[in-house]
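> Return a 3D structure for these sequence lines:
(chains A and B)
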Amino acid sequence: MEPILELLSKNSLYSTKDMAAMLDMTEDEIEEKIASYKEEGILLGSQAIIDYDKTEVNHITAFIELKVNPQPNRGFDKIAENIYRYPEVMSLYLMSSSGYDLLVTVEGSTMKEIAYFVARKLAPIEGVISTSTHFVLKKYKSKGIIHRSAQVDERENCN
Amino acid sequence: MFDCKNALSQKARDLKPSGIRKFFDLLSGREGVISLTVGQPDFATPWHIRDAGIDSIADGHTFYTSNRGTPELRQEIASYMSRRFDLSYNAETDILVTVGASEAIDLAIRALCDVDDEVIIPVPSFVCYSPLVEMAGAKAVFVETMPEDGFKLTPERLSAAITDRTKLIVLPYPSNPTGAILEKEELIALCEVIKKTNAIVLSDEIYAELTYSKKHTSIATIPEMKERTIVINGFSKAYAMTGWRLGFSCAPRDITEAMFKIHQYAIMCAPTVSQYAATEALKNGDDDIEMMKAEYDRRRKYLTKALSDIGLPCQSPEGAFYVFMKLSDYGLSSEVFCERLLEEHNVAIVPGTAFGDCGEGYARLSYAYSLEHLKEAVKRMDRFVKTL
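Here you go, the predicted model:
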């Protein structure tokens, strides 16, 4: 994997200066490479992974399975566009499953809010045949990170 | 009341406590210390290896194994040494599985040294060799390595230390604390000296997987050396398995037999659970080694540059996960520098003198820590250095 992408995929907060030191490159080289990744749509964004259960914020995640009718000549692309332009839709994937076609992740403040979104906005989209909504009850691990408090370094005070 | 102090053996009484331990005692109880002292990886053992250990317990493998180590593990060790280091050893006769590389070092010394035999130990180096030599009744002969030689043992210095009582020559490369490695040409030059003697080489290669811009060469690959070398290696550093206590030796049959005899009586066998986990590590862990090494390499580059930027230059270490940093430009002894750094800025690094008197003027920093941790340490060290 490209070294800069490898670093950023683990931790997007590395400064250009630190990355330059770690990879034996100049800061200019790092910045140029990052700019070109962004232009090519390879580096799309960098967001913090937050455990909302530990905060006061109401935050629910749902996975919705959509069965759809692909369109002649356009396949799934047009339907996908109609779905992902909603800001509530956090992710949208075309799946290999035989049970459904598209997997949507939606985030909202309550289960009711999400259920209404699915019923009023997603289900009526032209081409959508059926929806099946599953709510996340508890997150154990997100994007490779286990949801737990910072671990104490056990190694201190030994040789 | 019975005073058992009087019952202690002379050897035990004479054994000096570790210089590193003394410094750790200063550390304990302090809050908020940024420490760069530990000599073990910050990675937990890769999950598939832990899983194999857990499975072995669940499957009821809770008995002694063959004293030498399970046949499967020894076979995997033989195949590992061949594919990673071009060394060919017979799993049946040349390989012994031990409780850490530490036990292998102890066995080697006890199997070879008679009273008053001399053991050459390059310094600064890890603190375990001379106490074990003393316990065996032999004599430790320290050979200083110099910064202008990159802290590598040179043929001239080795030659000057050899006598007709020299039994064993310890070569601990890649080195703790200096990070120095010995390249093929350098090994060949040392071998020219060694071949003129009857000495055996004890090659402590525990950090062999952690070399960065140059691949590790084992002295046993140099012609005519394998028959007089004990190669010691293990799982602690390469696979982040320090707590599992598993290592091994590869040596000519006769030496292995002698080590085996002692091991058989003193230890029986290395922990069974660790042996099963280690077998999995050798079979499927090559990618884990590469991943951890890449991470250490990034930190190595970061730390050497950052320290140099704040006026604390260090030899760019080619191996292990330590930086041997020069302090002498500031006119403080290693101990005073490190004590003041700890007292005034809550950063702990190990004074070079913990590894031998010739470590004076230096300190060892470990980069087995996250980048954030290293950055904070550097920031505080910068503040300290500006006050000097």
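> Touching, A:Thr61 and A:Thr110? I think so.
No: with contact defined as C-beta atoms under 8 Å, A:Thr61 does not count as touching A:Thr110 (11.9 Å). From N, CA and C alone the C-beta is placed, and that goes for glycine too.
> give me the number of residues near the closest residue to chain B within chain A?
Nearest to chain B in chain A, going by C-beta to the nearest C-beta, is A:Met22, at a distance of 3.7 Å. By other C-beta atoms under 10 Å in any protein chain shown, the residues close to A:Met22 number 24.
> so it makes contact with A:Ile4?
No: at 9.9 Å, A:Met22 does not count as touching A:Ile4 under the criterion of C-beta under 8 Å.
> The closest residue to chain A within the stretch 151-300 of chain B: which element?
Residue nearest to chain A within the stretch 151-300 of chain B: B:Arg298 (3.7 Å; C-beta to the nearest C-beta). Under the criterion of DSSP states H and E, B:Arg298 resides in helix B:286-309.
> Next secondary structure element downstream of that helix?
Following helix B:286-309 in sequence order, the next helix or strand is strand B:322-326 (DSSP H and E).
> Chain A: helices as residue ranges?
Listed in chain order, the helices of chain A (DSSP state H) span A:3-10, A:16-23, A:27-39, A:77-84, A:111-117.
> no, scratch that, I was asking about the stretch 1-150 of chain B
B:10-14, B:19-27, B:47-58, B:71-85, B:100-112, B:129-135 (DSSP state H, counting those that start in this stretch).
> how about those helices, which one is nearest chain A?
Set against chain A and scored by C-beta to the nearest C-beta, the helices of the stretch 1-150 of chain B come closest in helix B:19-27, at 5.9 Å.
> So is that closest one next to chain A?
Yes: for helix B:19-27, a contact with chain A is found by C-beta under 8 Å from any C-beta of the partner chain, at B:20-21, B:24, B:27.
> List only buried entries from those.
Neighbour-count burial (16 or more other C-beta atoms under 10 Å in any protein chain shown) applied to the residues of helix B:19-27 next to chain A gives B:20, B:24.
> now the residue nearest to the spatial centre of chain A: how far from A:Lys143?
A centroid search over chain A (C-alpha atoms, centre = their mean) returns A:Ser91, at 5.8 Å, as the residue closest to the centre. Counting by C-beta to C-beta, to the nearest Å, the gap from A:Ser91 to A:Lys143 is 11 Å.
> Next up, the contacts around the residue nearest to A:Ser109 when sequence neighbours are not counted.
Of all residues beyond its chain neighbours, the one nearest A:Ser109 is A:Asn58 (4.4 Å), with distances taken as C-beta to C-beta, 6 or more residues apart in numbering or on different chains. Neighbouring residues of A:Asn58 by C-beta atoms under 8 Å, 6 or more residues apart in numbering or on different chains: A:52, A:109-110.
> Compare these and tell me which is most surrounded.
A:Tyr52 (13 neighbours).
> which ones are touching that one?
Counted by C-beta under 8 Å, 6+ apart, A:Tyr52 has contacts A:58-59.
> Ok, B:Arg245 next?
Contacts for B:Arg245 (C-beta under 8 Å, 6+ apart) come out as B:99-100, B:270-271, B:274.
> again with B:Gly150
Taking C-beta under 8 Å, 6+ apart as the criterion, B:Gly150 is in contact with B:178, B:180, B:315.
> Mark which of those are buried, thanks.
B:178, B:180, B:315.
> The first one reaches B:Pro124, doesn't it?
Yes: shown here, B:Thr178 and B:Pro124 form a contact pair, counting by C-beta under 8 Å, at 6.4 Å.
> Mutual contacts of these two, please.
Here B:Thr178 and B:Pro124 share the contacting residues B:145, B:151, B:324, scored by C-beta under 8 Å, 6+ apart.
> Which among the residues you listed count as buried?
B:145, B:151, B:324.
> Skipping adjacent residues, who's closest to the last one in space?
Translated: B:Phe324. In this structure, B:Phe324 finds its nearest non-sequential neighbour in B:Thr178, 4.4 Å apart by C-beta to C-beta, 6+ apart.
> go on, the second one?
In this structure, B:Phe151 finds its nearest non-sequential neighbour in B:Thr178, 4.0 Å apart by C-beta to C-beta, 6+ apart.
> Can you check what pLDDT the model gives that neighbour?
At B:Thr178, the predicted lDDT confidence score is 96.
> about what we covered before: quick check: buried residues in the helix holding B:Arg298?
Neighbour-count burial for helix B:286-309, counted by 16+ other C-beta under 10 Å, picks out B:288-289, B:292-293, B:295-307.
> same question, stretch B:46-65
Buried, per 16+ other C-beta under 10 Å, within stretch B:46-65: B:46, B:49-50, B:52-53, B:56, B:65.
> Same list as before, these that is, but in TSV and with distance to chain A and pLDDT included.
Shown next, in TSV, are the buried residues of stretch B:46-65 (distance: C-beta to the nearest C-beta, whole Å; pLDDT from 0 to 100):
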residue	distance to chain A	pLDDT
B:Pro46	14	96
B:Ile49	18	97
B:Arg50	15	96
B:Ala52	21	96
B:Gly53	17	97
B:Ser56	23	96
B:Thr65	27	96
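> in chain A, which spans are strands?
Taking DSSP state E, the strands of chain A run over residues A:60-68, A:89-94, A:102-108, A:128-135, A:141-142, A:145-146.
> Any residue of the fifth one touching chain B?
Which is strand A:141-142. No: on the criterion C-beta under 8 Å from any C-beta, strand A:141-142 is out of touch with chain B, staying 12.5 Å away.
> Parallel or antiparallel, list what pairs with that strand.
Using DSSP bridges, strand A:141-142 pairs in its sheet with strand A:145-146 (antiparallel).
> One more: the second one?
When pairs are called by DSSP bridges, strand A:89-94 turns out to pair with strand A:102-108 (antiparallel).
> residues making contact with the partner strand?
Contact with strand A:102-108 is made by A:59-66, A:68, A:76, A:79-80, A:83, A:88-95, A:114, A:117-118, A:122, as judged by C-beta under 8 Å, 6+ apart.
> do that again at 6 Å, thanks
Under the criterion C-beta atoms under 6 Å, 6 or more residues apart in numbering or on different chains, residues A:60-64, A:66, A:88-95, A:114 lie in contact with strand A:102-108.
> For ChimeraX, write the select line for the buried members of those residues.
A single ChimeraX command selects the buried members of these (16+ other C-beta under 10 Å):
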select /A:60,61,62,64,66,88,89,92,114
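> For B:Arg68, which non-adjacent residue is closest in space?
Spatially, and ignoring its direct neighbours in sequence, B:Arg68 is nearest to B:Leu96 (5.5 Å; C-beta to C-beta, 6+ apart).
> neighbours around the one you found, how many?
Using other C-beta under 10 Å, B:Leu96 has 28 neighbouring residues.
> what do you get for A:Lys121?
Neighbour number of A:Lys121 under other C-beta under 10 Å is 15.
> and the stretch 201-350 of chain B, which residues reach chain A?
Selection of the stretch 201-350 of chain B residues close to chain A by C-beta under 6 Å from any C-beta of the partner chain yields B:298, B:301-302, B:305.
> and which of those residues is nearest to B:Glu31?
Proximity of these to B:Glu31 (C-beta to C-beta) peaks at B:Tyr302, which lies at 26.4 Å.
> Not counting sequence-adjacent ones, nearest residue to that closest one?
Counting by C-beta to C-beta, 6+ apart, the residue nearest B:Tyr302 is A:Ala21, at 4.4 Å.
> for A:Tyr84, same thing?
A:Leu92 (4.6 Å).
> Please apply the same query to B:Ser125.
B:Pro172 (5.0 Å).
> Hmm, B:Leu96 is touching B:Ser249, no?
Yes: when contacts are counted by C-beta atoms under 6 Å, B:Leu96 is listed as touching B:Ser249 (5.0 Å).
> what touches both of these two?
Joint contacts of B:Leu96 and B:Ser249 (C-beta under 6 Å, 6+ apart) do not exist.
> distance of the residue of chain A closest to chain B from B:Ser333?
Distance from A:Met22 to B:Ser333, by C-beta to C-beta: 33 Å.
> so where's chain A shaky on pLDDT?
Across chain A, the ranges flagged by pLDDT under 70 are A:1, A:156-159.
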